[in-house]
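J.: need a 3D model of the following:
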Amino acid sequence: MRVFNRNLRLQDITIMYFTALAALMVILVASYQTNTNSVDVSSLKSDTSSPNLPLQMPFRVPLDPRGELQLAWNISYADQEVYMELRVAELRHGVVLGMSDRGELTNADLVVLWDSGTKSYFGDAWSDSEGHISLDSHQDYELKEAKQKADGFYLLFKRPFSTCDPKDYLIEEGTVHIIYGFLDQPLASLEQLNLSRIHTGVQRVLMLRPNTPPPNLPPDVQTLDVLAPNVIIPNQETTYWCFIQKLPEDMPKNHIVMYESVITPGNEAIVHHIEVFECSPDIRDVPEYSGSCDDKMKPRKLNFCRHVLAAWAMGAEAFYYPPDAGLPMGGPESSRFLRLEVHYHNPLLISGRRDESGIRLHYTTSLRQYDAGIMELGLVYTPVMAIPPKQHTFYLSGYCTSKCTRTALPSGGIYIFASQLHTHLAGRGVRTVLVRGGKELEVVQEDQHFSTHYQTIRVLRNMVNVLPGDVLVTKCTFNTEDRSQPTVGGFGIMEEMCVNYIHYYPRTQLELCKSHVDLEYLQKYFKFINRFQGNDQCVCAEVSVTEQYSQLHWDTFTAEVLDSLYNTAPISMHCNQSTAQLFPGEWEKQPLPVVTAVLEKPRYPCEGGALPTSRPLIPAV
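T.: Model prediction:
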């Protein structure tokens, strides 16, 4: 048998040879890339020469319920970078840290520490829609130090807010969902890793925070601890514990100037968030109570304790009021009763753990120039506003109209310095924007990765001045893909809210500035849809709004018409005084505020251009 065809020329043989050689080179380069895209941690030397290396990590949060993983970080706004320090109490064969839109393991931006049995590696990676892991060709996590200390193994690394890599997470204002996992066995290559087969979890943090130093407290400051009364944490995953605390009978008016969390040592990974509410001054006597907030036998008067005084969530720092304002507490116009609410997150079902966590209020009798106030923006708690079922994205907006701000605000306006966003389980994003003269002027607060499981008061980087005649629009994003019935507005956890509690000064009589669609126009919607769906016997006036929503056949058309109604129909304004009475004026069938110009989202320098050049990898020595 002849090996060569007589017609095969030397040129052909040469082409085949170089083609085979090129293929071999591709394989070798790919193999080299796989090896060099990760850093050999075992031979890494500490980089202490960088002048920009932060000396402190002011923000920290435990990631897992046992506290074996702790994340600390610092922020360089000048360089648009975040420095992160991960402490692993007991390092076995590696750890995974990442970020994703809602805490999913799929389509996540990851950084992985793993060992092959002989060496340890560190690399920037990502997961696809099926959870398969790959090293990223652009190594945007830069490892600065890896060190074993007495209390655990420490990894120090940094990453830009934006890498312009589509596989990387954009770190922006609002909630960041952190995912983590432990590796229990060596990996010959990272591609062997399957996140669904290892122990994983999710934690939420505010990654980007104002970098202003805390103000000094006055010399006569006193403290009041509002703490859980030696609670035995139930061995169930989620518990909301309520406790009523009574202020001294003769307590004069004070100003709260700062508050901070008090967490029982050992429970840092279980106490998820804490809130302190002031009861209504109209309720003269609130019975003692310490028990589940969801207990049907709890005193009914607890429902009148909804005025937020303080809110803390895991990872949050102490909250300071501006130097010229304080939140009133005590005195004849305030309630003598406070309600503490502690959320325990106990997924490991730990039993017998006692807790006395809560909030420490720092207050002074030396009153500051201004009383601070809290105002509700957004939607009224009413079933009139609803979200259709099976919606990936559905928007609801609540308005504080120019007529209300012109009626209720002083000539110099108010200054918003903090806010607390709020929805229930279907909420995915919240945005409050200031509109002046029909143009969006400034974003008050925004969180497009919002989670109802992570709600705390957030200090604004810059105070927002709201003048008489301005409009405040609060827009919420909802997802109801997992629901077969419409979700109406209301107080229940399976109902919905769209609220921003703004903290401002000087305090005014305007306590609630919210809206909902006009009921008469909503009834026209029900009649139209019923006729369109062949139901000429509409009993719209005979049943509740909730029943009317549930009786509709929900399809794309029904949902789109409802969305159109919300965006065009007149609204009913609730421009309420602190007495819960409306300000004088006509508030029904008010026109929707007109917005002629919207703010553009800030762009990072590299957006719209090519991917940045990969940093040189730290060589293995």
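
J.: once you drop chain neighbours, what's closest to the residue nearest the centre of the chain?
T.: Geometric centre of the chain, nearest residue: residue 175, 3.1 Å, by CA atoms, centre = their mean. Sequence neighbours aside, residue 449 is the residue nearest to residue 175 in space, at 4.6 Å (criterion: CB to CB, 6 or more residues apart in numbering). All C-beta atoms are positioned from the backbone trio N, CA, C, and that covers glycine.

J.: hang on, isn't the one you found packed against residue 178?
T.: No - counting by CB atoms under 8 Å, residue 449 does not reach residue 178; the two are 11.1 Å apart.

J.: where in this structure is pLDDT low?
T.: For the chain, the stretches flagged by pLDDT under 70 are 1-55, 211, 537-541, 603-621.

J.: what ranges does the stretch 501-621 of the chain have for its strands?
T.: Taking DSSP state E, counting those that start in this stretch as the test, the strands found in the stretch 501-621 of the chain are 510-517, 571-577.

J.: same check, this time on the stretch 101-250 of the chain
T.: Going by DSSP E, counting those that start in this stretch, the stretch 101-250 of the chain shows strands at 109-115, 120-127, 133-135, 142-149, 152-160, 175-182, 199-206, 222-227, 231-232, 238-246.

J.: what sits up against the first one?
T.: Residues external to strand 109-115 that are found in contact with it (CB atoms under 8 Å, 6 or more residues apart in numbering): 41, 91, 93-100, 120-127, 133, 141, 146, 155, 157, 167-169, 179, 183, 186-187, 190, 193.

J.: and if we set it to 6 Å?
T.: Where contact means CB atoms under 6 Å, 6 or more residues apart in numbering, the residues beyond strand 109-115 that reach it are 93-99, 121-126, 141, 168-169, 183, 186-187.

J.: so in that sheet, which strands flank that strand, and in what orientation?
T.: Looking at strand 109-115 with DSSP bridges, its partner strands are strand 94-100 (antiparallel), strand 120-127 (antiparallel).

J.: also the fourth one?
T.: Using DSSP bridges, the neighbouring strands of strand 142-149 in the sheet come out as strand 152-160 (antiparallel).

J.: hmm, who's touching the partner strand?
T.: Contacts of strand 152-160 (CB under 6 Å, 6+ apart): 80-89, 91, 140-147.

J.: end-to-end on stretch 300-318?
T.: Length of stretch 300-318, first residue to last, CA to CA, to the nearest Å: 32 Å.

J.: adjust the sequence numbering to begin at 2 for everything that follows.
T.: Will do, 2 is the new start, and the previous item becomes stretch 301-319.

J.: ok, the closest residue to residue 595 other than its chain neighbours to residue 400 distance?
T.: Nearest residue to residue 595, sequence neighbours excluded (CB to CB, 6+ apart): residue 439, at 5.4 Å. According to CB to CB, to the nearest Å, residue 439 and residue 400 sit 13 Å apart.

J.: who has more neighbours, the two?
T.: More crowded of residue 439 and residue 400, by other CB atoms under 10 Å: residue 400, with 24 against 12.

J.: host element of the more buried one?
T.: Per DSSP states H and E, residue 400 falls inside strand 395-401.

J.: toward the C-terminus from that strand, list the very next helix or strand.
T.: The helix or strand immediately downstream of strand 395-401 is helix 403-409, counting by DSSP H and E.

J.: what comes up buried for that following helix?
T.: Judged by neighbour count using 16 or more other CB atoms under 10 Å, the buried positions of helix 403-409 are 403-406, 408-409.

J.: how about stretch 94-113?
T.: Going by 16+ other CB under 10 Å, stretch 94-113 has these buried residues: 94-101, 104-106, 108-113.

J.: with stretch 442-450 instead?
T.: Within stretch 442-450, the residues scored as buried using 16+ other CB under 10 Å are 442-448, 450.

J.: tell me which of those residues fall in strands.
T.: 442-448 (DSSP state E).

J.: export those residues to JSON lines and tack on distance to residue 225?
T.: Formatted as JSON lines, these follow (distance: CB to CB, whole Å):
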{"residue": "442", "distance to residue 225": "38"}
{"residue": "443", "distance to residue 225": "35"}
{"residue": "444", "distance to residue 225": "34"}
{"residue": "445", "distance to residue 225": "30"}
{"residue": "446", "distance to residue 225": "28"}
{"residue": "447", "distance to residue 225": "33"}
{"residue": "448", "distance to residue 225": "30"}
